[in-house]
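J.: the following block contains a protein sequence and its predicted model.
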Amino acid sequence: MSQLEELLAVWLPRQRWFSGKGIPIRQIRVESRHTLVSAGPDGPDLDVLVLQAGQRGRSSRYQLLLGSRPPGSLPPDLARVAIGVCRTAGGRPTVVYDAAHDAQLTGLLLRRFAEPAAPGQSGQVRFRTLPGERIRPGTTGRILTGEQSNTSLVFGQDYILKTFRRLWPGPNPDLELTMALSGSPYVARSCGWIEADLPGYTTPTTLAMLQRFIPQATDGWVLATANVRSLLDGTGSDRQSAFTGEAARLGRTTAEVHRSLAAALPTDVLSPVGAAALADAMVQRLATASAEVPELAEHAPRVMAAYTDFAEVDEPLPIQRIHGDYHLGQAVRTGAGWVLLDFEGEPTVPVRDRQRLSSPLRDVAGMLRSFDYAAGYLLVGHPGDPELEWAAHAWAQHNREAFCRGYADGGGSDPEKHLTVLRAFEFDKAVYEVLYEARNRPNWLRVPLESIASAAAAPPVPG
Ligand SMILES: Nc1ncnc2c1ncn2[C@@H]1O[C@H](COP(=O)(O)OP(=O)(O)O)[C@@H](O)[C@H]1O
Ligand SMILES: O=P(O)(O)O[C@H]1O[C@H](CO)[C@@H](O[C@H]2O[C@H](CO)[C@@H](O)[C@H](O)[C@H]2O)[C@H](O)[C@H]1O
C-alpha cells in the first residue's frame, strides 16, 4: 500500500459512515483520484477519491473528499479532521484531511454546478444539472453533523449536497427516485448531481446529489422523541394523543408518495416464486444477524415462523419502487406538512437489490418500527419502570395506529388488512436494525432486540 493508503487504512474504520466496522481492513486501494476544485495555484485542492477497502471475504467502495495543504498551513478548525502527512508525487510533504469540513473548498463545489461549461465537465467526473436549473453559487458549504450514513453539505438556505459515502456502481436510487418524483410537493426537488466513470463500468456512478434545502424544517425523529420525552417526564399536556395527528398526516403523505412512484415507474404483482425468494432473503439476513448478535438466536424460531407465514400468503401483493429505508429521520415537517427524504434504500444493501420492486407495506413496516424506536430509545434512560414502559408502549401503539389509518385514508392499501405481510416486514427491518446497531451504535442495540423479543412473544396473526 502507498503511504496515503496506509494512513487511510487507520482512518477509515473510525468514520461514522464506514459500514464495515468490526472487521479488520486488510487492504486499501485508491481506485481513482480526481481534483474537483482548487483554491488557487498554491492550493488547497479538493480531490475526490474512490477507495476500495478489502476486508475478510469482501471489498467495498467508499468516496472520500480529500483536502491537501502544505504542513503548518492547516487552519486550527481543520486540525481535528487531519488524516496525516504524506508525500506528493513530486516528493513534497503534504497534510491530507477530510475536505468535507473545509467550507472554503466545499463552497467552490457549488460554483462548479453553476458553470456547466467549465473545463473538466466532460472528463471522468462530471457535474450535472437538470435542464433549466440555474444554480446560484456564492455560499460556503456547512457540513451537517448528526447520525448520517452519508455526508451532507448545506449551502446557505438554498441547497444541500449529499455525498454518498459507500459507493455502488451505477446511478444511486436516491437520485433516480427523487428525479422520478420531481414536481411532488412531498419531496425536496433535485437540482443536479456529480457522477464519475468507475474503472470497468460503462454506466456512470452517482457520487453526490444536489437538492433544494428546506429551511426551518424539523425531522420526524426529533419531533417524535421530544413528544415521548415530554410524556415520560410528565411535562406533556395531552398524554398519548399529542403526536397522533402528525402520525396520521405522515401516513397520508406516505400513501401519496407511493402513488406517485407507482405512476412514474414500473409496477407488478409479487409472484409465489418472488414471495418465496423474499422470504429466503429474510431468513438469510436473520442467519447473518444471529451469528453476529447471539441474543437474537433465541427468538429466531418465532421470527422464522413469521417468514414462513409470509411465503404462504395467498393474496396478490402489488409491488413497485419504494423508499426502502423508511423511518422518522427520513421525513421533515415544514409549515405546509411532511416532506420525505433519502430514497437511497438501505445503504449497505447492493444497489441492484434495492432497485427491485417491492411491496409499499415494507415502507409502512419501516415507519411502524420507527415509532417503536422513538419510545424504546427513551426507555433506555429509565430502565425497570413499569409505568413508564406502559406509557411508552401506549405512545408507540397509538401512533402506529394513527399512521396506518392515515395511510389507508390517503389511498394506500390498508395495513390492518395485511397483518401477516406487515409482521414479516417488521421483523425483517428489526433484524436489519440489530445488525446496524451492533456495527454502528452498540448502546442502542437493546432497542430493536427488545422489540423483537416482545413481538416474538405475541401470538401469530390469526390466519
Ligand atoms: N432537502 C433537505 N432539506 C432540509 N434538510 C435536509 C434535506 N435533506 C436532508 N436533510 C437533513 O439531513 C438529514 C440527513 O439526510 P439524509 O438524506 O437522510 O442522509 P443519510 O442518507 O446520510 O442519512 C435529514 O435527516 C434531514 O434532517
Ligand atoms: O442513515 P440512514 O437514514 O440512511 O439510515 C440508517 O441509519 C438510521 C439511524 O440514523 C437507522 O434508523 C434506525 O434508527 C432510527 C433512529 O436513529 C430509527 O428512527 C429507525 O427506525 C431505525 O431503523 C436506519 O435503519 C439505517 O439504515
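T.: Arrived safely, thanks for sending. Everything numeric here is computed off the predicted structure, so don't read it as measured data. Ligands and ions are numbered 1, 2, ... in the order given.
J.: and for whichever residue of the stretch 51-200 of the chain sits closest to ligand 2, the neighbour number?
T.: Across the stretch 51-200 of the chain, the shortest distance to ligand 2 (CB to the nearest ligand atom) belongs to residue 149, at 3.3 Å. Just so you know, the C-beta spots here come from the backbone N, C-alpha and C atoms, and that holds for glycine as well. Counted with other CB atoms under 10 Å, the neighbours of residue 149 add up to 19.
J.: so which helix or strand takes in it?
T.: Per DSSP states H and E: residue 149 is located in neither a helix nor a strand.
J.: so what's it up against?
T.: 17, 19, 165-166, 344, 347 (CB atoms under 8 Å, 6 or more residues apart in numbering).
J.: which of these tops the neighbour count?
T.: residue 344 (27 neighbours).
J.: what distance do you get for it to ligand 2?
T.: Per CB to the nearest ligand atom, to the nearest Å, residue 344 is found 6 Å from ligand 2.
J.: apart from its chain neighbours, what residue comes closest to residue 269?
T.: residue 316 (4.7 Å; CB to CB, 6 or more residues apart in numbering).
J.: got phi/psi on that neighbour?
T.: Phi and psi for residue 316, reported as degrees, to the nearest 10, are phi -70, psi 130.
J.: isn't it right up against residue 270?
T.: Yes. Using CB atoms under 8 Å, residue 316 is in contact with residue 270, at 7.4 Å.
J.: more crowded one of these two?
T.: The neighbour comparison of residue 316 against residue 270 (other CB under 10 Å) goes to residue 270, with 20 against 9.
J.: any figure for the gap between the more buried one and ligand 1?
T.: Residue 270 is 27 Å from ligand 1, by CB to the nearest ligand atom.
J.: name the nearest of the contacts of residue 149 relative to residue 210.
T.: Closest approach between those and residue 210, by CB to CB: residue 344, at 14.8 Å.
J.: shouldn't that closest one be within a helix?
T.: No. Using DSSP: H, G, I helix; E, B strand; the rest coil, the assignment for residue 344 is coil, not a helix.
J.: longest helix in this protein, by residue count?
T.: The longest helix of the chain (DSSP state H) is helix 386-409.
J.: what is that helix packed up against?
T.: If contacts are counted by 3 or more CB pairs under 8 Å, 6 or more residues apart in numbering; DSSP states H and E, helix 386-409 sits against helix 220-232, helix 244-264, helix 361-379.
J.: and those, which is most packed in?
T.: helix 361-379 (a mean of 24; mean count of other CB atoms under 10 Å).
J.: are that helix and ligand 1 in contact anywhere?
T.: No. Against ligand 1, helix 361-379 shows no contacts by CB under 6 Å from any ligand atom, the least distance being 12.2 Å.
J.: mean pLDDT added to the helices and strands packed on helix 386-409, as JSON lines?
T.: As requested, the helices and strands packed on helix 386-409 are exported to JSON lines (pLDDT from 0 to 100):
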{"stretch": "helix 220-232", "mean pLDDT": "91"}
{"stretch": "helix 244-264", "mean pLDDT": "98"}
{"stretch": "helix 361-379", "mean pLDDT": "95"}
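J.: quick one: closest of those to residue 289.
T.: Ranked by CB to CB, the member of the helices and strands packed on helix 386-409 that lies closest to residue 289 is helix 361-379, at 14.6 Å.
J.: and that closest one, how far from the chain's centre?
T.: Computed by CA atoms, centre = their mean, to the nearest Å, the chain-centroid distance of helix 361-379 equals 15 Å.
J.: give the buried residues for the lengthiest strand in the chain.
T.: Ranked by residue count under DSSP state E, the longest strand found in the chain is strand 25-38. Across strand 25-38, burial judged by 16 or more other CB atoms under 10 Å covers 25, 28, 30, 32, 36-37.
J.: and the residues you listed as TSV, adding pLDDT and distance to ligand 2?
T.: TSV is the format used below for the buried residues of strand 25-38 (pLDDT from 0 to 100; distance: CB to the nearest ligand atom, whole Å):
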residue	pLDDT	distance to ligand 2
25	90	22
28	95	23
30	95	25
32	92	25
36	91	24
37	88	26
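J.: just these now: which is nearest residue 331?
T.: residue 36 (31.2 Å).
J.: residue contacts, residue 69?
T.: Contact analysis of residue 69 by CB under 8 Å, 6+ apart lists 43-44, 94-95, 97.
J.: so residue 190 sits against residue 182, correct?
T.: Yes. With contacts counted by CB under 8 Å, residue 190 reaches residue 182, the gap being 6.6 Å.
J.: need the residues touching each of those two.
T.: residue 130.
J.: of those two, which one has the most company?
T.: Comparing residue 190 with residue 182 by neighbour count (other CB under 10 Å), the higher total belongs to residue 190, at 23 against 13.
J.: for the more buried one, give me phi and psi.
T.: Note on residue 190: its backbone torsions stand at phi -90, psi 150 [degrees, to the nearest 10].
J.: chain neighbours aside, what residue packs nearest to it?
T.: Excluding the flanking residues, the one nearest residue 190 by CB to CB, 6+ apart is residue 178, at 4.4 Å.
J.: got a pLDDT number for that neighbour?
T.: As predicted, residue 178 sits at a pLDDT of 97.
J.: contacts only, for it.
T.: For residue 178, counting by CB under 8 Å, 6+ apart, the contacting residues are 187-190, 209, 211, 343.
J.: repeat the analysis, applying 7 Å as the threshold.
T.: Going by CB atoms under 7 Å, 6 or more residues apart in numbering, residue 178 touches 187, 190, 209, 211, 343.
J.: all set now, cheers.
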